[in-house]
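>>> Just need the structure, nothing else, for what follows:
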Amino acid sequence: MKILVVGDEFISSKLLKKHLNDQLKPTVKDLEYDEIDFGPTDITTMMYEDIDEYWGDAELLIEKIVACEILLVIDAPVTREVIETGKNLRVIGCARGGPVNVNVKEATRRGIPVLNSPGRNATAVADFTIGLMLALMRKITKAEQFLRNGRWKRNKQDTFEKPSGPELWGKKVGIMGFGQVGRKVARRLVGFDVQILVHDPYVPENIIESMGCTPANLSKLLSESDVVSLHLRLPHKKAGWFDLEKLKLMKKTAYLINTSRGYVVDEGDLVKALEEKVIRGAALDVFEKEPINIKGRLLELDNVVLTPHVAGISNEVPGRSCKIVAQQITKYISGERPEHIVNPEILGKNPFRLNGK
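Modelled structure (predicted):
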């Protein structure tokens, strides 16, 4: 069985191969691997309109995909042409939650399952989100700068000369988007004795309530929350959806946290809201354009905490990503129904048979 494994500087092809090999060996004996690793400078000059959030050059995949039965990637561009060229391709594995770098429509047309790793970094993002809330509200980064800059001159412990801010305890926190990350954030917030409002029209109210949270419409959540945390995966056509109109619905003392997608928030409107004190502050790990413009207005504001799209990166995420997708591929090959399949409608139409039988 020929397998093409495509890694990058975050998750190497070697690590992907190891996890897949560990899972497949008891079932398949004739494993033959080909590997590609896209480095930090491997940026394609092509613009692939049928996929999103990809890294690398599809031409390298096209050169190697012809004889392969399994394609395993992370962010590599799995375009329509890549899938069409893979005449023997029978399974596509993508070691990320949302396989937007894979042309799922073309894979479905060909009867090829697209298996993924949902929740691979949900724990990391949830932890980081809570960290951003505390850092922003209690001005932790400013307190460190206060010390490092030699401004701590007195031995008196209690003084508002030092950077400080409100406690998270007892506040209302609004969670927008109640998928795996939003739910993990909610679990972590329980220990802070906060009231949690949730807005997600795709999640039944009884599920929200079962986690000790209160379902809320958009207006109620924005107008009542002391902290609003975004965990949304909106289509690009809704870029800038969280605009000045929504920011003005928030309390003037409220904080905005975004660890979801940068394009969800209208950055220009957010800057205006922060400058004019429409809201008290914001913490952002994602931005409209990445890397962020270091000369942009956001970096000049003193009521923001900014991090370089790092919330989903932890030491555990690479291995977890590989393990989840490797398990799904093995289940499918073994004739079991995978839990994490993006196009379940193909199941039963083109069952995998070892050795083509």
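
>>> show me where the stretch 201-350 of the chain has strands.
214-215, 227-230, 255-258, 281-284, 304-306 (DSSP state E, counting those that start in this stretch).

>>> shaky segments in the stretch 101-250 of the chain?
Applying pLDDT under 70 to the stretch 101-250 of the chain flags no residue at all.

>>> Quick check: the nearest residue to A311 once chain neighbours are set aside vs K184, distance?
Spatial nearest neighbour of A311, excluding adjacent residues (C-beta to C-beta, 6 or more residues apart in numbering): F128 at 3.8 Å. All C-beta atoms are positioned from the backbone trio N, CA, C, and that covers glycine. Separation of F128 from K184 (C-beta to C-beta, to the nearest Å): 11 Å.

>>> Mean neighbour count and distance to V271 for the strands of the stretch 201-350 of the chain - can I get that in a markdown table?
Converted to a markdown table, the strands of the stretch 201-350 of the chain look like this (neighbours: other C-beta atoms under 10 Å; distance: least, C-beta to C-beta, whole Å):
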| stretch | mean neighbour count | distance to V271 |
| --- | --- | --- |
| strand 214-215 | 18 | 31 |
| strand 227-230 | 26 | 16 |
| strand 255-258 | 27 | 12 |
| strand 281-284 | 24 | 9 |
| strand 304-306 | 18 | 9 |
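
>>> follow-up on the earlier one: which SSE is the residue nearest to A311 in?
Per DSSP states H and E: F128 is located in helix 122-137.

>>> packing partners for that helix?
helix 180-189, strand 227-230, strand 255-258, strand 281-284, strand 304-306 (3 or more C-beta pairs under 8 Å, 6 or more residues apart in numbering; DSSP states H and E).

>>> Now do the longest one: which elements does it pack against?
Spelled out, that is helix 180-189. Helices and strands touching helix 180-189, by 3+ C-beta pairs under 8 Å, 6+ apart, are helix 122-137, strand 172-176, strand 195-199.

>>> The first one: what's the following helix or strand?
Using DSSP H and E, the helix or strand that follows helix 122-137 towards the C-terminus is helix 140-148.

>>> Return the alpha-carbon coordinates of that following helix using CSV.
The C-alpha atoms that make up helix 140-148 are tabulated as CSV, following Å, rounded to 0.1, in the frame of the first residue of the first chain:
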residue,chain,number,x,y,z
ILE,A,140,-0.3,40.7,33.9
THR,A,141,1.9,41.7,31.0
LYS,A,142,1.9,45.3,32.1
ALA,A,143,2.8,44.3,35.6
GLU,A,144,5.8,42.4,34.2
GLN,A,145,6.9,45.4,32.2
PHE,A,146,6.5,47.6,35.3
LEU,A,147,9.0,45.4,37.1
ARG,A,148,11.4,45.0,34.1
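
>>> Please identify the buried residues of that helix?
Buried residues in helix 140-148, defined by neighbour count with 16 or more other C-beta atoms under 10 Å: 140, 142-143.

>>> May I see the strands of the stretch 201-350 of the chain arranged in JSON lines, with distance to R320 as well?
Formatted as JSON lines, the strands of the stretch 201-350 of the chain follow (distance: least, C-beta to C-beta, whole Å):
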{"stretch": "strand 214-215", "distance to R320": "30"}
{"stretch": "strand 227-230", "distance to R320": "23"}
{"stretch": "strand 255-258", "distance to R320": "23"}
{"stretch": "strand 281-284", "distance to R320": "25"}
{"stretch": "strand 304-306", "distance to R320": "26"}
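
>>> need the helices for this protein, in chain order.
For the chain, the helices defined by DSSP state H occupy 13-24, 58-64, 80-85, 104-109, 122-137, 140-148, 180-189, 205-210, 218-224, 244-247, 267-275, 317-333.

>>> Adding distance to K295 as columns, could you present those helices in a markdown table?
Output for the helices of the chain, formatted as a markdown table (distance: least, C-beta to C-beta, whole Å):
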| stretch | distance to K295 |
| --- | --- |
| helix 13-24 | 37 |
| helix 58-64 | 33 |
| helix 80-85 | 38 |
| helix 104-109 | 38 |
| helix 122-137 | 23 |
| helix 140-148 | 20 |
| helix 180-189 | 31 |
| helix 205-210 | 42 |
| helix 218-224 | 31 |
| helix 244-247 | 23 |
| helix 267-275 | 13 |
| helix 317-333 | 31 |
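
>>> can I see the domain layout of this structure?
2-120+314-356, 122-306 (automatic domain parsing).

>>> So P338 sits against K331, correct?
Yes. Between P338 and K331 there is a contact at 4.7 Å, judged by C-beta atoms under 8 Å.

>>> higher neighbour count, these two?
A direct count of neighbours by other C-beta atoms under 10 Å for P338 and K331 places P338 higher, at 21 against 17.

>>> OK, contacts around the more buried one?
113, 115, 328-329, 331-332 (C-beta atoms under 8 Å, 6 or more residues apart in numbering).

>>> Max pairwise distance over those residues: which two?
Greatest spatial distance among these (C-beta to C-beta): P113 and K331, at 10.4 Å.

>>> what sits against V310?
Listed by C-beta under 8 Å, 6+ apart, the contact set of V310 reads 128, 285.

>>> Could I get the pLDDT score of it?
Looking at V310, its pLDDT is 98.
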